[in-house]
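> predicted coordinates and the sequence they were generated for:
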Amino acid sequence: MKLYIKQKVFSWADKFFIKDEFGNDKYYVEGEIFSWGHKLHLYDEKKEEVAFIKQKVMSWLPKFEVYIDDALAVEVVKEFTFFKPRYSLRGTDWSVEGDFWDHNYMITNQYGQIASITKAWFSWGDSYELEIAEGVNEILAVATVMAIDCVMEAQNNSTIVTSNT
């Protein structure tokens, strides 16, 4: 299954659609801007919530939790590293690796590739292609990718810029 995510999805206040390979709306994502910590809601095409992503605010490094059916499904945590970003996916046997800054990475487990996300050059506008392996929990895969992007955005926003005045 291939899904497409527009490039500007990484804004907390945005509302946007995730489209299938035929350009049809498959999921709808809506962020909360006035809340304690960042929160995203993932809805299906019937506008029913299928996943909820929330920031764990009392943590040293960015950490987001993904809930499906009101149960914690996975926790995406930015690990402490000096050079290359690394994320752990707690609650699953999945691991993630690749070039996160260019949104070119994959999620795997001991049996192989679960999902991959790459820049989609020949699609509707600037977007990313999310390819999910057959038989994989699609909602969990989409929500996990969204949570990884949330962690990356939270890390970018927490960088302190100083100036000499």
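Received, thanks.

> what is whatever helix or strand residue 153 lives in packed up against?
For residue 153, the element it lies in under DSSP states H and E is helix 138-157. If contacts are counted by 3 or more C-beta pairs under 8 Å, 6 or more residues apart in numbering; DSSP states H and E, helix 138-157 sits against strand 39-44, strand 49-55, strand 63-68, strand 71-78, strand 87-90, strand 104-109, strand 112-120, strand 127-132. Quick note: C-beta positions are derived from backbone N, CA and C, even for glycine.

> gap between the residue lying closest to residue 95 once chain neighbours are set aside and residue 5?
Take residue 95 and drop its neighbours on the chain: the residue closest to it by C-beta to C-beta, 6 or more residues apart in numbering is residue 108, 5.8 Å away. Distance, residue 108 to residue 5, by C-beta to C-beta, to the nearest Å: 20 Å.

> these two: who's more crowded?
Neighbour count, other C-beta atoms under 10 Å: between residue 108 and residue 5, residue 5 has more, with 24 against 17.

> give me every residue that touches that one.
16, 18, 117, 127-128, 130, 145 (C-beta atoms under 8 Å, 6 or more residues apart in numbering).

> returning to what we had before: can I get the helices and strands packed on helix 138-157 in CSV with mean pLDDT and distance to residue 33?
Formatted as CSV, those follow (pLDDT from 0 to 100; distance: least, C-beta to C-beta, whole Å):
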stretch, mean pLDDT, distance to residue 33
strand 39-44, 93, 9
strand 49-55, 94, 13
strand 63-68, 94, 16
strand 71-78, 92, 20
strand 87-90, 88, 24
strand 104-109, 90, 27
strand 112-120, 88, 25
strand 127-132, 88, 23
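
> redo those as JSON lines? Include distance to residue 25.
Below are the helices and strands packed on helix 138-157 laid out as JSON lines (distance: least, C-beta to C-beta, whole Å):
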{"stretch": "strand 39-44", "distance to residue 25": "10"}
{"stretch": "strand 49-55", "distance to residue 25": "14"}
{"stretch": "strand 63-68", "distance to residue 25": "20"}
{"stretch": "strand 71-78", "distance to residue 25": "23"}
{"stretch": "strand 87-90", "distance to residue 25": "27"}
{"stretch": "strand 104-109", "distance to residue 25": "23"}
{"stretch": "strand 112-120", "distance to residue 25": "16"}
{"stretch": "strand 127-132", "distance to residue 25": "13"}
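
> winner for burial among these?
Greatest average neighbour count among the helices and strands packed on helix 138-157 goes to strand 63-68 (a mean of 22), per mean count of other C-beta atoms under 10 Å.
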